[in-house]
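**Q** I'll drop the sequence and a predicted model, then ask my questions.
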Amino acid sequence: VLFLQGLNTRGLPMRKKILDSKICNTCNELVMIKKFYLNKKSIDGFDYSCIVCRKKYQNDYYLKNRKIISERNKKNREKLSDAYIKKLIVANSNLSHSDIPKELIQAKRQHLELKRYLLNN
């Protein structure tokens with residue numbers, strides 16, 4: 001762990017920790033900090049579990065709940081939810097979820113509805 005000297009908002013000296021490793025709460029091993037996802041809600045700014053443990057958890061969750069997840073995704077596709085349309089836009093462009101304007105979502109929804117109509121008739 002390294003320490004940097006700096007000044008706070010009042011001009012007083014302060015120390016700031018720069019982490020180079022952290023203990024994973026899942027596997028209880030000391031892991032390099034670059035092997036953790038960022039997490040704004042965490043005190044140190046990194047996730048509680050390392051990437052390996054997080055991916056294992058996500059995979060296990062998916063395998064355990066595959067049917068429910070599949071049904072939810074199918075429902076979102078059928079009703080053309082905002083989440084589904086945003087996912088399509090993000091996959092086919094360089095925009096992030098927060099950068100997508102409502103007008104683009106509405107236009108994409110109309111495009112998909114028209115496409116479905118033409119395919120069914």
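**A** Right, received. Where do you want to start? Predicted, not measured: the structure shown is a model, and the values here were computed from it.
**Q** Quick one: find the helix or strand in this protein with the lowest mean pLDDT.
**A** strand 2-7 (a mean of 49; mean pLDDT, DSSP states H and E).
**Q** helix or strand for residue 112, which one?
**A** helix 102-120 (DSSP states H and E).
**Q** Break down the chain into its helices, ranges please.
**A** For the chain, the helices defined by DSSP state H cover 51-64, 66-79, 82-91, 102-120.
**Q** Tell me what angle the shortest one forms with helix 102-120.
**A** An angle of 90 degrees separates the directions of helix 82-91 and helix 102-120 when computed by axes from the mean of the first three to the mean of the last three CA atoms, to 10 degrees.
**Q** same deal with the second one?
**A** Between the direction of helix 66-79 and that of helix 102-120, the angle (the same axes, to 10 degrees) works out to 90 degrees.
**Q** Which elements pack onto helix 66-79?
**A** helix 82-91 (3 or more CB pairs under 8 Å, 6 or more residues apart in numbering; DSSP states H and E). C-betas here are computed from N, CA, C, even on glycine.
**Q** which parts of the helix it packs on are buried?
**A** 84, 85, 86, 89 (16 or more other CB atoms under 10 Å).
**Q** So for the residue nearest to the last one when sequence neighbours are not counted, what pLDDT did the model give?
**A** Going back to what we said before, that points to residue 89. Of all residues not flanking residue 89 in the chain, residue 100 sits nearest, at 5.5 Å (CB to CB, 6 or more residues apart in numbering). On the pLDDT scale, residue 100 is placed at 91.
**Q** For residue 20, see how far away residue 100 is.
**A** Here the criterion is CB to CB, to the nearest Å. By it, residue 100 lies 37 Å from residue 20.
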